[in-house]
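> After the sequence you'll find the predicted model.
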There are 2 protein chains.
Amino acid sequence: MAQKGITLKDVAAAANVSRATAARALNSYGYVGDGTALRVLEAAEKLGYRANLVAQALRSGQLPIVGFIPGDIQNPFFARIAHDIETELRRHRHNLLIASSEENVEQEKELLESLRSLSIRGFILAPTSATDSQHIVQLAREGTPVVLIDRVVKEVHCDSVIVDNEGGAREAVDYLVANGHERIGLLRDESRIFTAQERFAGYQNSLESHGIALDASLVSVSRSTVEHAIEATIRLFSRGDRPTALFTVDSLMTQGALLGLRSMGLSIPQDVSLVGFDDFNLATFTDPQITVIAQPTSEIGALAAKMLLERLAGKKLAPRHTRFPTRLIVRGSVSRLHRR
Amino acid sequence: MAQKGITLKDVAAAANVSRATAARALNSYGYVGDGTALRVLEAAEKLGYRANLVAQALRSGQLPIVGFIPGDIQNPFFARIAHDIETELRRHRHNLLIASSEENVEQEKELLESLRSLSIRGFILAPTSATDSQHIVQLAREGTPVVLIDRVVKEVHCDSVIVDNEGGAREAVDYLVANGHERIGLLRDESRIFTAQERFAGYQNSLESHGIALDASLVSVSRSTVEHAIEATIRLFSRGDRPTALFTVDSLMTQGALLGLRSMGLSIPQDVSLVGFDDFNLATFTDPQITVIAQPTSEIGALAAKMLLERLAGKKLAPRHTRFPTRLIVRGSVSRLHRR
DNA sequence: TAAATATGTGAGATCGATCTCACAATCAGC
DNA sequence: GCTGATTGTGAGATCGATCTCACATATTTA
């Protein structure tokens, strides 16, 4: 009952022309007499005619809808991106359908599969697995425009927008090392996820370049939620020779680490130094303020949407890959470690 | 190019039957011979047939899509609700289209208007205005299922899920008064918004019941973002006789207040006591932990989705209105005020 | 003035799935 | 063996917008 039921036919009847002519007048193509066109437009106006997008889609094969599949819409990082994508799409009369993969490859596959039958025009996707990607390859190969954000997948040929995860992580750990830390814990998410891999690589590379051996027992894996990160943090710091510093790979984990450490009575930065990847609202309120690697979150969504819209408009180019730099924001959560 | 193009016709041809019979076999209705049905099913399987939802929608007039129009998808409150709605919808093979009103009535109207031509099945809506609501009345009257969340609009007859805003706000202010505060500031959002009205009423009623006169200069209005709330807070506390306590009406504002107060060198709870409406992740990390009025956020989305799905299934009942209770969580951001 | 082109319009096909209707067969009951 | 129900199937219409084609008139051009 969504539609009042004023169709092109009604408009045509009111204007005393055929459907074909009405369509020409409304979409201004082909030959239409001036007077006729005016009559049609007036009739449409008076009746409150709105084209049925579903009918248009059946002919054209495409609904003016773009799908966005983030790992988790509750993560402020993705929420911000969703907002920016939607704003950009609206400018071009497209709508945004959001379905979260919940960081589950199977769910991601099912979503893609089911959205496909909706004749959605294109996808903006944060693939949950860097390797299990045949479904995405397949999608891109069929010609559906796809833009990957935050995470890429090697074999897929499409536009992508990511950040310098390795460099950012390296900078974070370099900074901790420069402050005298050697036992540096890592709170990361599952290794299937592209950003986790890259940030881990940054962690490794930094340690290696400083001649510090990687200690696997200092690395804790957790899902990216505050609750899971609290647990993982407690696990990591429940040992005798606990780390003197911690690097967390996203803002929800940073918040989990804050809460976990507090619950253990460990204070920052006296007992533990902390650097988090991805800035967040309250990072400057906590005491101390949290030192972070900031990403240009506000640019990712808008750029991805623009890229996708260009593809939808038919632009044929080689895939474009944008990688934004990150930025270390030094606040107060890292202390200089003095040898004891 | 979203569709590989395997249509019912292809399946019918492969199974050597007519389209009508193929449809009957696939959707199991009417009479179909056992052998025939099997042939059709096998052919569909082999070809990888997926029904074109757009074509189905053209006939039925409805796409399996539900629209969600929150005030701001970046507000964790709405993000959580969006997540829960989506999870529930997916169970019933429906998709979620999210478009933010950005707390702008005109945008809300345009969105509704444009989504209408998409033949969306129903809406879950947090109306940005408690009074400017003809567009929603109209929508509901036409028979489109609508569920209002977080905010209601008087004239609209449809299901709704909200919380006890007045009671929650009253409890917050009662608590401050019980701790000796009389000059209690209010950081609220625009009065057009339903929750702002109700929470303001709770603030008023509490003061009145304690014989405290309402001082309009203690009330600061701001948009519901961290940035705007910082400014509003600073404005409110830049006066000589500043409030001894502050009540903020949502979690982004609470965070803004925290940052604003800190930037002014005011500490909580020594200089200012604080109670916020809506709990948030870091409320227990900040020092002190923040006392809040918690809402059952995790129940709202799921319930709203269920209600909507029932309506979509054709359930005809009088509109149901659920109002969840709130809960005061006492932490450490309120101090007992001693007369000076 | 005849031929060629430009302009305006409508009838009907199309997109894909589904539904109505007509028409066969098969089977039961009398 | 005949009527009437039961079962099975296909032809064609339908949803709404758009596009192709054919067919008119007008207007140029040779």
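Structure received.
> only C-alpha atoms for contact and neighbour calcs from this point on.
Fine.
> Next up, the contacts around A:Val54.
Taking Cα atoms under 8 Å, 6 or more residues apart in numbering or on different chains as the criterion, A:Val54 is in contact with A:63, B:54-55, B:57-58, B:117-119.
> from the stretch 151-300 of chain A, which residue is nearest to DNA strand D?
In the stretch 151-300 of chain A, no residue comes nearer to DNA strand D than A:Cys158, which is 27.7 Å away by Cα to the nearest atom of the strand.
> Next: the stretch 101-250 of chain A.
For the stretch 101-250 of chain A, Cα to the nearest atom of the strand, closest residue to DNA strand D: A:Ser119, 13.9 Å.
> Out of the contacts of A:Val54, list just those in strands.
Cross-referencing the contacts of A:Val54 against strands under DSSP state E gives A:Leu63.
> so which of the contacts of A:Val54 are also by DNA strand C?
Among these, proximity to DNA strand C is found for B:55, B:58 (Cα under 7 Å from any atom of the strand).
> Find the pair from the contacts of A:Val54 with maximum spatial separation.
The two members of these with the most space between them (Cα to Cα) are B:Ala55 and B:Ser117, at 15.2 Å.
> where does the residue of the stretch 101-250 of chain A closest to DNA strand D land on pLDDT?
You'll see A:Ser119 listed with a pLDDT of 91.
> Relative to chain B, how far out is it?
Distance, A:Ser119 to chain B, using Cα to the nearest Cα, to the nearest Å: 6 Å.
> neighbours around A:Arg93, how many?
10 (other Cα atoms under 10 Å in any protein chain shown).
> was I right about the residue of the stretch 101-250 of chain A closest to DNA strand D contacting A:Leu63?
Yes. Contact criterion Cα atoms under 8 Å: A:Ser119 and A:Leu63 qualify, at 6.0 Å.
> Can you work out which residues contact both of these two?
In contact with both A:Ser119 and A:Leu63: A:Ala57, using Cα under 8 Å, 6+ apart.
> so how far is A:Ala79 from A:Ser224?
Per Cα to Cα, to the nearest Å, A:Ser224 is found 14 Å from A:Ala79.
> coming back round to it: now do the phi/psi pair for the nearest residue to the residue of the stretch 151-300 of chain A closest to DNA strand D once chain neighbours are set aside.
Distance criterion Cα to Cα, 6 or more residues apart in numbering or on different chains; nearest residue to A:Cys158, sequence neighbours excluded, is A:Pro319 at 4.8 Å. The phi and psi values for A:Pro319, taken as degrees, to the nearest 10, are phi -50, psi 140.
> Could I get the contacting residues of A:Pro319?
Applying Cα under 8 Å, 6+ apart, the residues contacting A:Pro319 are A:157-160.
> Mind checking what secondary structure the closest residue to chain B within chain A has?
Nearest residue of chain A to chain B: A:Leu97, at 4.2 Å (Cα to the nearest Cα). Of the three states, A:Leu97 takes strand according to DSSP: H, G, I helix; E, B strand; the rest coil.
> What separation do you get for it and A:Glu310?
For A:Leu97, the distance to A:Glu310 - Cα to Cα - is 19 Å.
> Tell me which residue is most central in chain A.
Residue closest to the average C-alpha location in chain A (Cα atoms, centre = their mean): A:Phe78, at 4.7 Å.
> Sounds good, over and out.
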